[in-house]
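**Q** Mind folding the following:
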Amino acid sequence: MEWQPEPESLKQLIQLFNSTQSADNAVQQQNNQRLEELRRVPDFINYLLFILIVMKDENSMVRAVAGLLLKNNVRQDFSNIPPHVLDYVKRKSIDAIGDPDTLVRHTLGTVIATVVTLGKIRNWPEILPRLMQLLDSNEYPIVEGAWDIMRKICEECDHELEEPLDDGTRPLNVMIPRFLSFISSESPTLREYAISTTTLFVNQRSECMQPMMDTFVVEIFKRANDDNADVLKAVCKAVVALVETRPDKLMPELENVVNYMIHTTQHTDPEIAMEACEFWLSFCEQEELVESLRPFLGHVIPTLMRGMVYSDEDLSMLDNDDNNAVVPDLDQDIKPRHHRARTHDHHQSEGGAGSSTGDGDSAEDDEDDDDYYSDEDDDDVYAEWNLRKCSAASLDVMSTAFGDQILEYVLPVLREELESSDWRIKEAGILALGAIADGCMSGMEPHLPNLLPYLIQWFKHEKALIRSIACWSASRYGKWAIFGSEPNTQKVYFEPLLGGLLETMMDNNKRVQEAACSAFATIEEDAGLYMVPYIQPVLETLVRAFALYQRKNLIILYDAVGTLAEAVGPELNQPQYVQMLMPPILERWDNLQADDQHMFPLFECLSATALALGPGFKPYAQHIYDRSVQIVAETLQMCQQASQDSSIEAPNKDLVIVALDLISAVVQALGDDSQSLIAQHNGIALQLVGMCMVDSETDVRQSAFALLGDLAMHCSPLLLPQLEGIMQQLIPQIDLNFSHLNVCNNATWSAGEIALKAGEEHMKSYVNPLLERLVPLLNNQNTPVTLVENAAITIGRLGLVCPSTVAPHLEAFAQRWCMVLASVKDNEEKSSAFQGLMTMIGTNPQGISKAFLFFCQAALNWQTPDPVLLDMFVQTFAGLKQLAGSEWESSLSLLDPQSRQALKERFNA
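**A** Purely as a prediction, here's the structure:
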């Protein structure tokens, strides 16, 4: 018998859905509690579907609420839905496609697409043929409803649609020709659906799409002058997809395509123009294509520069010239901030962990996040990607691709814009000036002695948007002002630039403060130690800014302080500087709540400051350390409670990561003096680190192993009693597949640091399990650079501490080891690893025989080996010479004459 709802229950449910629109928080809480209870009722899903598709006289919002709950319940509990209930959902929903109400129709489409996605297409074989059949209906709501579901399935199941079904057919082989036929539909909605859905498979480089690519190109250009905005946007996206995946289909008609995109980039509809503008960004990122754009630069570049002018719509959403410095920021004004976990990288630091984007990504891969046209850095009220930003980004990429050659087209327009009396045009010119900085620096150099003073002068322009863009653009030329070839560059250009930015940081407009502070951070990062003479005036400004800035700009200010600390390092550790800087930071530290958005940037700021001050941070260490440990402990405890009680919301584990990283910074700053901190409260910090080393989140483990390495360097007496437990947790994290790269990286590095301090007696039982993982990582040509370097250094350190255990394996890794470390920058870690190698050679000289030439080359690559290392090289070569006898000269003869002579002179070889 067909399922039917119980009338009273149905009535109560509809009343509940009607009350969901109440603004009363108490009512909403009661509703949520009641809905959570109903989720456990076996046929609750049936009720939701019944309201959605059967109760056509009910308010469409009520039906849509039921549909959204249905979709959420299916998504959350799909694996637990009884088969007969799921069958009911499938049968009833497929018969209801085409509801006259658009909201209900699309909600049902989301439900069906969710069931298909989670249950897989092969487990609902009727759905695709039924949808294809409905596309032939004479009733528009049915056709549109079927299309809506089809495109949602294509978005979620694109790869599955490419796979053969049980009968051997690939769904896309049937679907794509049908999609193409709708590109000429009388309905603009269906035209847009057809183009955008087919474009998905262009982007995916679908195998099924390739035979129909020519037809697709012909069809989309038939719609090139469509009178519907959504269709035109879809056409532009399709052209961009072709540029990125099948440019060969556009190249025969490149002139027509370029002219069309130039024309469309100037469309009166800014959204269409923006989609067209993406073409230039994508085109210039294809190295093999970019040269073919050269003949069109004279038309493209002025078009892009015109696209950078603020539109009326842009300006209506900006705060413009408000003197709003004293207006408090609202919570919604501040974007969520995520901390980036730490990873050890030999190119970034010695004996500590550097910054990383997270699991698997090194900091070297980060994009420049200071770009004015980046999504992340513009005003939060107007943070979406738009024509202005896309035009600027395109010009930036074009300047990188063509370099100074674009200046013949840029400079005439730039001159005109910068001299314009229309402030919006002038502002666009300043934006363009900054956009070309990286790509055209050499060509712009002759103009900068005149241009840079103008930019600094515009820091005081009456228009806030001019002041802010001038700060950003000037910062793009900061390196020239610091290191340029002009006479007295630092005095004539850098000091006015720095002074202008410091003054503008105190502007009465919050947008200008933000731009000036961000530009200052860029300048100080570029300047490095050149900032040392200016620390006093810089700190005076930063302290004033702490008193002036509202919450959002304080986040940028913390970044600026941290960047200063990184730039000048120990030079900041002067009593007068410390007394200026620390009180305002500590004031905010003491008043900070655990859920404040300032938590992460303030922790990062304190970490950088601690590292710069070193021993000078000691008066503040206890206070900072205690709270950091408390945050780790409380957060882990709350996570444990949340895992046991679903009513408790799990805290953000980024708090654990940022606190661990700050503890690491304190340990590095205090060195061996940090032992007294770590030993407190029965070594609770060590217990917490142990818990974090096996945490389910990779970023937590990553920071835990970074801290472990720092503790090994400076607090080894506290670690040794717990070494067995530590190594049991550490060794499995050295993953041969490096699935979680930075966890593996930090675990590998910390193993080497532990070995140096633990000594042979404590380490010998762990050497072979470590080598079983480290040697394959070293010899794997696909191992990422930072990990292979860490593996090599840790193997060397294990050999230094336990040579009798490691030396027998020397032949298995010696050649690759020497090749890897030959290119690593000379530092203490590399030195200890080489001492280990030579200790192993002394134990097993035959182990280096096949890698002897590589060893010679690695030895010669040292720029200035320390005396201990130099003496070991001399002794090692002397021992090898004595052992090898007549073979010695024949081995050396394989080196080129210059290297052979250098080896003999340097090491008495």
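
**Q** Which parts of this protein are strands?
**A** For the chain, applying DSSP state E gives strands covering 342-343, 354-358, 361-362.

**Q** residue contacts, the residue nearest to Ala560 when sequence neighbours are not counted?
**A** Distance criterion Cβ to Cβ, 6 or more residues apart in numbering; nearest residue to Ala560, sequence neighbours excluded, is Ala521 at 4.4 Å. The C-beta positions use only the backbone N, C-alpha and C, and glycine is treated the same way. Applying Cβ atoms under 8 Å, 6 or more residues apart in numbering to Ala521 gives the contacts 370, 556, 559-560, 563.

**Q** Farthest-apart pair in those residues, please.
**A** Maximum pairwise distance among those (Cβ to Cβ): 11.9 Å, between Asp370 and Ala560.

**Q** if I pick the closest residue to Phe182 other than its chain neighbours, what's in contact with it?
**A** In space, and not counting its chain neighbours, Phe182 is closest to Ala194: 3.7 Å by Cβ to Cβ, 6+ apart. Contact analysis of Ala194 by Cβ under 8 Å, 6+ apart lists 147, 179-183, 185.

**Q** mind redoing it with 7 Å?
**A** Counting by Cβ atoms under 7 Å, 6 or more residues apart in numbering, Ala194 touches 179, 182-183, 185.

**Q** cool, and Gly885?
**A** By Cβ under 7 Å, 6+ apart, the contact set of Gly885 is empty.

**Q** Retrieve the pLDDT associated with it.
**A** Note on Gly885: pLDDT of 71.

**Q** One more: Phe78?
**A** 88.

**Q** That one against Leu118, yeah?
**A** Yes - here Phe78 reaches Leu118: they are 4.4 Å apart, a contact under Cβ atoms under 7 Å.

**Q** thinking again about what came up before, save the contacts of Ala521 as TSV, and put in neighbour count and pLDDT too.
**A** Output for the contacts of Ala521, formatted as TSV (neighbours: other Cβ atoms under 10 Å; pLDDT from 0 to 100):
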residue	neighbour count	pLDDT
Asp370	16	41
Ile556	22	94
Asp559	19	95
Ala560	25	97
Thr563	19	97
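
**Q** Closest to Glu604 out of the residues you listed?
**A** Nearest to Glu604 out of those is Asp559 (Cβ to Cβ; 7.6 Å).

**Q** circling back: among the contacts of Ala521, which ones are in helices?
**A** 556, 559-560, 563 (DSSP state H).

**Q** Could you save the residues you listed as JSON lines and add columns showing distance to Asn203?
**A** Listed next are these as JSON lines, based on distance: Cβ to Cβ, whole Å:
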{"residue": "Ile556", "distance to Asn203": "36"}
{"residue": "Asp559", "distance to Asn203": "35"}
{"residue": "Ala560", "distance to Asn203": "39"}
{"residue": "Thr563", "distance to Asn203": "38"}
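
**Q** Asp438: what's it in contact with?
**A** By Cβ under 7 Å, 6+ apart, the neighbours of Asp438 are 396, 399-400.

**Q** Which single one of the contacts of Ala521 is nearest to Leu662?
**A** Asp559 (15.4 Å).

**Q** In this structure that closest one contacts Phe600, no?
**A** No - at 10.6 Å, Asp559 does not count as touching Phe600 under the criterion of Cβ under 7 Å.

**Q** could you point out where the stretch 701-850 of the chain is predicted with low confidence?
**A** Applying pLDDT under 70 to the stretch 701-850 of the chain picks out no residues at all.

**Q** mind running it again at 90?
**A** By pLDDT under 90, the low-scoring segments of the stretch 701-850 of the chain are 823, 849-850.

**Q** all helices for it, in order.
**A** Using DSSP state H, counting those that start in this stretch, the helices of the stretch 701-850 of the chain run over 716-719, 723-730, 741-779, 785-801, 803-806, 810-822, 828-843.

**Q** Would you mind finding the most buried of these?
**A** helix 785-801 (a mean of 27; mean count of other Cβ atoms under 10 Å).

**Q** Extract the C-alpha trace of that helix and format it as PDB.
**A** Extracted in PDB, the C-alpha atoms of helix 785-801 (Å, rounded to 0.1, in the frame of the first residue of the first chain):
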ATOM      1  CA  VAL A 785      62.600  19.200  -2.500                       C
ATOM      2  CA  THR A 786      62.200  20.300   1.100                       C
ATOM      3  CA  LEU A 787      61.300  16.800   2.200                       C
ATOM      4  CA  VAL A 788      64.200  15.100   0.400                       C
ATOM      5  CA  GLU A 789      66.600  17.700   1.900                       C
ATOM      6  CA  ASN A 790      65.300  17.100   5.400                       C
ATOM      7  CA  ALA A 791      65.500  13.300   4.800                       C
ATOM      8  CA  ALA A 792      69.200  13.700   3.700                       C
ATOM      9  CA  ILE A 793      70.100  15.900   6.700                       C
ATOM     10  CA  THR A 794      68.400  13.600   9.200                       C
ATOM     11  CA  ILE A 795      70.200  10.500   7.700                       C
ATOM     12  CA  GLY A 796      73.500  12.400   8.100                       C
ATOM     13  CA  ARG A 797      72.700  13.300  11.700                       C
ATOM     14  CA  LEU A 798      71.700   9.700  12.500                       C
ATOM     15  CA  GLY A 799      75.100   8.600  11.000                       C
ATOM     16  CA  LEU A 800      76.900  11.100  13.100                       C
ATOM     17  CA  VAL A 801      75.300   9.800  16.300                       C
END
